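**Student:** output the structure for:
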Amino acid sequence: MSCQVNNPTLQAIYPLKSTLNIIRTLQPSLSPIPNTTTFGSQGTVYAQLFYAGVEQFYCQADTCAQSLGNEGTTFCGGVPAASLIKTINGLGGTLGIECDALDNSTNTATCHFKQKDLLALFPPSGLTLDRCSFGECVRQSVIDSGGNISAADSSGGKSLGGGVIAGLAVVGGLALIALLFIAFGCIIKRKARKARRNDNTGIQVGVHWDGITYSVPGSSKARFFGLLRGHDEKTVLDDVSGTVHAGQMMAILGPSGAGKTTLAEILAGKRKSGTVLGNVKFPSIGRSSGLAGAPRIAFVPQQDVLPPNLTVYEALLFAARLRLPENIHTIEKREMVEELMAKLGISSLRDVRIGHNGDLGGGKTRGISGGEMRRVSIGLELISRPDVLILDEPTSGLDSVSAARVAQVLHDIAHDPTNPIPVIASIHQPNSKLYQTFDSILLLSHGRSLYSGPGGFAPSDYFARVASDIVPSCPQGYNVADYLLDIASDPSVSLFQISEKDKTTSNVGQVDGESGIELVEKTRTITSSDEQVNSAAAGGAFSSRKMMTSSRQQSTYATTFLTQLQVLAGREWKILRRDKTLFFAHVAISSVLGVFCGGLYYKTDTTIAGFQSRVGCLFFLGALIAFSSLSALYNVVESRALFLRERSSLYYSPTSWLLSRFIFDVVPLRIIPTIIVSSITYWMAGLAHDAAHFFKFLFILVLFTLAMTLFNFLLGALFNNGGVAILLSALSALYQMTFAGFFVHLNAIPPVLRWLQWLCPLKYTLEALSVNEVGSGLLIQDTLQGVPVSISASLIMNLLFGFGSNNYYRDVLVLFAFIAGFGVGVIGVVWLKVRERR
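**Tutor:** Residues are numbered from 1 along each chain as shown. As a prediction, the model looks like this:
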């Protein structure tokens, strides 16, 4: 109610207009704007006395209080002879307000303000209040419901809001989906463990390739203009053929640029960026039905990409648990790892960490030697029990002793008495002893085959027989490998012509002619993208041959998704326990920054400047999270090479890898440091002192942390160059700081740029944090040019920053949308783009 104070005595002292406002709070939950339309808790009264439009004093509930900022007003010391400070401070007891009947013509009434101390100054009827008007201030929902108030509201209980219910529903739905996923995964895993084993015992597989041709675009112009692509190609391999049988070990020789690595990758089924033509067959003997499924091809690249924080045994066991079928028990897999380590001669390195190879720095520790790393790389492929083993320069970068050990291991694998397999290795420049370990030789020069046949001295005898007038004979005691490389370095055209005419030196058909053995061929089923087919047809050069790409034959994973996630999580946990540097760095920096930020904004007051400092504190936390999330990008870039190798070998699906990386990156390196810095800053800065607002504050920061982590994951997956990804991440953080609403009022941004705020996660984070802070009932108390101000912080927030006071749950949903969008983007990019392509 609002009344005019009408008392002759009071008017004699204070002749100007006096107005008394009395606000009674019945139900704070029904107030449209807390601390603006209502003050205090349920059942309290808030009274304000204005003289000549200036508030003199206010009383709340039954305790009268005087604001220090009000000293000097007319009633409170402005007129020293008529100061009422002592009288007002001495008021006590109960008060009553009695009102006469309402005058229908003016809708006002006369009331009497009664209090025992005031009755001594005024007539027995009390202080007369004229022209009192009455009204209620409630939410629109109360008016829409016809004034009906639920029992919960009338009893003073606080019901859950729609946003809280929606949030609980989302959390419950996610928990239910996770439980259903785990239950379904357990069922699939149990079914896979009971599946019948594929038995390929006694089957020997060979490799035969015919007419392998590979070409790549010769210039950027040809790549840009599709019509010219077929006529401007560089041929890397040209009509290369050969055969390797089980129990044989072939060396692909040739100078640099001859096409050795390219041929090895094509035979291994690797994805190539150019156009591949030809046929690859896998003839098998030993059973009329042939192989039970597609042949398993193992490929060992030239670079050793290994997990440095695992031991040799752990790395091999990791491969065994993921590359061997689910129906093989873990105990059997452990025994197979022990046997393989003994065969490779690395049993003594069982519990030694692999470490880093090459130039060391930045705290990286050196582990096993280069030759030992090469044998571990070979073991990672052999653990899957392949039918064919292909290696790209396995002896490069090794000394002669280490190279000889690797070659002997390969020779023993190829000639294993119980399970012989074909071994194909590209060799750059072997010494005489290394050369003699190979059973057959394929000599390449400028992408064409000069010789394909038995090894030893057979190649030199062949050239002495068919090309004695073209190439010199091999000197007595000279290394045959060096002799062949000398021939292939600069061969004449006539030597290529001889090689085309005389292909009888090839060992094709040796097994076919054996009596009593039935041969079954499996041709690699290969499809090509429309782009490759069209470009080949445009060139017209290879239309008579079968098009082939590098899709792998074994296109399914050996284990279920749940097993993959379990094994990957175990590896991530081992790495986290052994390399604690990054974790402790995050925790230490978070603690220091928390104390720094808390000290900077220590016990912020409730003035307008203090409120700006509060929002500045919240903005600082958001900006800190945006920049600290850059380490997530580095983690993705650092593990990219290992992921590419393991994905190409079908260890696991990209989704399981992403999920394990996300869990073990977010929880220890993102959420825990965020909670530390936020908790320290929150209580030191004197923000809302109640548990509900504190946990809502943490909830928003955790959501923003998840969004920024996934965003950096997306950049790390999208760009091969880590420097570009880091630059874009830093620029995006600056963009978010600009459009968050702290530096520039959101409504003051030019319309042509204003839409950019809706793409800024930090804007929604800062708005939600600010709304949560003012939603605690924060009241701004300040003095502007001598005029005391007491106003709700929500109005100041909207005035200074343009934030909406009811946007908390909207911002929560938007942050969830960012998390979902970035998550889907990461999964899509990793599935489609982050794959091995040579």
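**Student:** worst-scoring helix or strand of the chain, pLDDT-wise?
**Tutor:** Taking mean pLDDT, DSSP states H and E as the measure, the chain has helix 530-539 as its least confident helix or strand, at a mean of 34.
**Student:** where's residue 302, which helix or strand?
**Tutor:** Using DSSP states H and E, residue 302 is not contained in any helix or strand.
**Student:** now swap in residue 377 and tell me
**Tutor:** Using DSSP H and E, residue 377 maps to helix 370-382.
**Student:** give the buried residues for that helix.
**Tutor:** The neighbour-count check on helix 370-382 (16 or more other CB atoms under 10 Å) flags 371-382 as buried. In short, each C-beta sits where N, CA and C put it, glycine included.
**Student:** give me the neighbour count for residue 193.
**Tutor:** Neighbour count for residue 193, taken as other CB atoms under 10 Å: 15.
**Student:** that one against residue 325, yeah?
**Tutor:** No - Residue 193 is not in contact with residue 325 according to CB atoms under 8 Å; the separation is 9.0 Å.
**Student:** returning to what we had before: would you turn the buried residues of helix 370-382 into TSV with pLDDT and distance to residue 830?
**Tutor:** Formatted as TSV, the buried residues of helix 370-382 follow (pLDDT from 0 to 100; distance: CB to CB, whole Å):
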residue	pLDDT	distance to residue 830
371	87	33
372	90	31
373	91	27
374	90	29
375	91	31
376	93	26
377	92	24
378	92	28
379	93	27
380	94	22
381	92	23
382	92	28
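**Student:** need those residues in TSV (columns: distance to residue 810).
**Tutor:** Below are these laid out as TSV (distance: CB to CB, whole Å):
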residue	distance to residue 810
371	61
372	58
373	54
374	57
375	59
376	54
377	53
378	57
379	55
380	50
381	53
382	57
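**Student:** nearest to residue 411, of those?
**Tutor:** residue 378 (12.2 Å; CB to CB).
**Student:** do you know how far the spatially closest residue to that closest one that is not a sequence neighbour is from residue 367?
**Tutor:** Closest residue to residue 378 apart from its sequence neighbours, by CB to CB, 6 or more residues apart in numbering: residue 300 at 5.5 Å. Distance of residue 300 to residue 367, computed by CB to CB, to the nearest Å: 19 Å.
**Student:** work out for me the element residue 209 sits within.
**Tutor:** Per DSSP H and E, residue 209 falls inside strand 207-217.
**Student:** so what are the sheet partners of that strand and their directions?
**Tutor:** Here strand 207-217 has these sheet partners by DSSP bridges: strand 233-244 (antiparallel), strand 275-285 (antiparallel).
**Student:** report all helices and strands that the helix or strand following the shortest one contacts.
**Tutor:** I take that to be strand 275-285. The helix or strand immediately downstream of strand 275-285 is strand 297-300, counting by DSSP H and E. Here strand 297-300 touches helix 260-267, helix 370-382, strand 388-392, going by 3 or more CB pairs under 8 Å, 6 or more residues apart in numbering; DSSP states H and E.
**Student:** closest to residue 599 out of the buried residues of helix 370-382?
**Tutor:** Once CB to CB is applied, the member of these that ends up nearest residue 599 is residue 373, at 49.7 Å.
**Student:** list the residues that contact the closest one.
**Tutor:** Contacts for residue 373 (CB atoms under 8 Å, 6 or more residues apart in numbering) come out as 304, 306, 354, 357.
**Student:** ok, residue 736 next?
**Tutor:** Applying CB under 8 Å, 6+ apart to residue 736 gives the contacts 623, 626, 760-763.
**Student:** can you rerun that using 7 Å?
**Tutor:** Shown in contact with residue 736 (CB atoms under 7 Å, 6 or more residues apart in numbering): 626, 760-762.
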